[in-house]
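1. Sequence plus the predicted model coming up.
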Amino acid sequence: MADGIPGRSSRFEGRRGPLAGLLLRNLLFSILTLGIYRFWGRTHVRRFVWRHTVLLDDALEYLGTGGELFIGFLIAVAVLLPVFAAYSLLQFLFADGPGYALLALEILYYLVLFFLIQIAIHRMRRYRLTRTAWRGVRFGLGGSSLAYARIAFGYGLLTAATLGLAYPWMRSATLRYFAQHAYFGTAGLGLAPNPVWLLRRWAAVPGSFAGALGLFAILNFESLETIAFFIDQELYETTDIVLASMTYWPLFLLLTSFFLWIWYRAVEFRHMVGCLTVGDTNLSSAVRSQFVFGRFFVFSLVMFALGALLGTVAFLIAFVSVSTGEIEGVIAVMIVFVPALLVLLFSGIVRILFLDIPLLKHACETLDILNAGALEEVVQSSAAVPSYGEGTAEALDVGGF
């Protein structure tokens, strides 16, 4: 295979049918085992995805086990329980205290949770890389989870302080740290993104969001002033009349921010891949924003159809029950609860089948590997690998399949 031919460097060969069967089986066994089987089910899905992802005619290999994920989860729970317990205790102690104390507690709790999520992300990536091999050569990730969390936490605060404008710097800094400490055998990875270039694209996302809210505030300025006055005078019941008379169509413009966010993520992906090196090998991506939009549209349609189907079934059951006079309180609750639960349970399967996998396939088809011959010289690294799974990432439900 010739180097540098777009669309031929990699491909995804998995078919949706077998994967759907695997996902449904995992869901069934997870329900029967009260969620314990999900660690083994997730491992089976990863093995399916990895072995059907082909780079230069050789498939990836996933070496992880469900037992490792389960042990990592238990370790993480042991670490996180004291955090949750302390938060609950402080909530109880400050229940009758001043409002600012509870607000400070909430802010502190979510800041700690955000920091722990960053640790989870680094550990998750380390585990997945060390359990991934290609042509018998393992990937790996060094560095410190705490160091990564400090970088992500600091840039996260900066992003919040700048109302989102520093987001490209946060993404560049965290992904650069990840790449600089990752390796493939004896070949190191490198990443040199341009956050200023990204900012010129990203600015459209927070700009459209602020524009929509600003237009809403301008058109409803007097109404918002009136509502603020009523709230200050504790005349809460009179605010409903003012709310009913407000102009809400500018809020629909917030959808523009969502579409621009999808467009930006495709642009950012192409940029990051183009700035990535594996030893002396370079990469480039031609992911198309139109394709990403299309997949989100299909995913939304399938989720809507699933919700409509289950909602219709629930309505028919309720109608028959009311007609026959057999409906009771518990049954009425179940009629609403069960369809909602089924939508929640199947949403993950729908996302993988109609969003994640098509996007992965498109990313593979549009990936170009330049100077691929340099990868032939890479030899197996002797670096140590973690003996347990993703831990905190599992406990906090961070990451996909």
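-> Here it is on my side, so go on.
2. If we go by neighbour counts, what in stretch 193-202 is buried?
-> 193, 195, 198, 202 (16 or more other CB atoms under 10 Å). C-betas here are computed from N, CA, C, even on glycine.
3. what's that stretch in contact with?
-> By CB atoms under 8 Å, 6 or more residues apart in numbering, the surrounding residues in contact with stretch 193-202 are 165, 167-169, 171-172, 175-176, 264, 267-268, 271-272, 275.
4. isn't residue 372 right next to residue 57, touching?
-> No. The criterion here is CB atoms under 8 Å, and residue 372 misses it with residue 57 at 10.5 Å.
5. pLDDT below threshold where in the chain?
-> Across the chain, residues meeting the criterion (pLDDT under 70) sit at 1-8, 97, 99, 233-237, 318-336, 379-401.
6. Phi first, then psi, for the residue lying closest to residue 370 once chain neighbours are set aside.
-> Closest residue in space to residue 370, ignoring its immediate chain neighbours: residue 282 at 4.3 Å, by CB to CB, 6 or more residues apart in numbering. With angles defined as degrees, to the nearest 10, residue 282 sits at phi -110, psi 160.
7. What count of nearby residues applies to residue 282?
-> In terms of burial, residue 282 registers 19 neighbours under the definition other CB atoms under 10 Å.
8. so it bridges to which residues?
-> residue 277, residue 370 (DSSP bridges).
9. Also residue 54?
-> Applying DSSP bridges to residue 54 gives these bridge partners: residue 11, residue 59.
10. quick one, helices of the stretch 101-250 of the chain?
-> Ranges of helices in the stretch 101-250 of the chain, per DSSP state H, counting those that start in this stretch, are 145-161, 167-180, 195-202, 204-219, 221-232, 239-244.
11. Which one of the ones you listed lies nearest to residue 31?
-> Among these, helix 145-161 comes nearest to residue 31, with 32.5 Å by CB to CB.
12. picking up where we left off before, which one of residue 372 and residue 57 is surrounded by more residues?
-> When residue 372 and residue 57 are compared for neighbours, residue 372 comes out ahead with 19 against 10, by other CB under 10 Å.
13. got the phi/psi numbers for the more buried one?
-> According to degrees, to the nearest 10, residue 372 has phi -60, psi -20.
14. From residue 66, how far off is it?
-> In this view, residue 372 and residue 66 are 33 Å apart by CB to CB, to the nearest Å.
15. Kindly report the same for residue 175.
-> For residue 175 relative to residue 66 (CB to CB), the value is 29 Å.
16. Next: residue 207.
-> Distance, residue 207 to residue 66, by CB to CB: 45 Å.
17. returning to that earlier point: now the two most distant members of the contacts of stretch 193-202.
-> 165 and 275, at 20.8 Å, using CB to CB across these.
18. more neighbours, these two?
-> residue 275 (20 against 16).
19. In this structure the more buried one contacts residue 191, no?
-> Yes. Contact criterion CB under 8 Å: residue 275 and residue 191 qualify, at 5.5 Å.
20. And stretch 266-280, what's buried?
-> 266-273, 275-279.
21. which residues sit against it?
-> Residues from elsewhere that reach stretch 266-280, judged by CB under 8 Å, 6+ apart: 168, 171, 175, 179, 184, 187-194, 197-198, 201-202, 282-289, 292, 363, 367, 371, 374-375, 377-378.
22. Would you show me how to pick out the buried ones of those in PyMOL?
-> In PyMOL, this line selects whichever of those come out buried by 16+ other CB under 10 Å:
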select buried, resi 168+171+175+179+184+187+189+191+193+198+202+282+283+284+285+287+289+292+363+367+374+375+378
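23. Show me where the stretch 201-350 of the chain has its strands.
-> Counting by DSSP state E, counting those that start in this stretch, the segments of the stretch 201-350 of the chain that form strands are 276-278, 281-285.
24. Go ahead and name everything in contact with the longest one.
-> Strand 281-285 has contacts (CB under 8 Å, 6+ apart) with 6, 187, 269-270, 273-274, 276-277, 363, 366-372, 374-375.
25. go on, stretch 219-226?
-> With contacts defined as CB under 8 Å, 6+ apart, stretch 219-226 is touched by 217, 242-243, 245-247, 250.
26. hmm, try it at 7 Å
-> 217, 242, 245-247, 250 (CB atoms under 7 Å, 6 or more residues apart in numbering).
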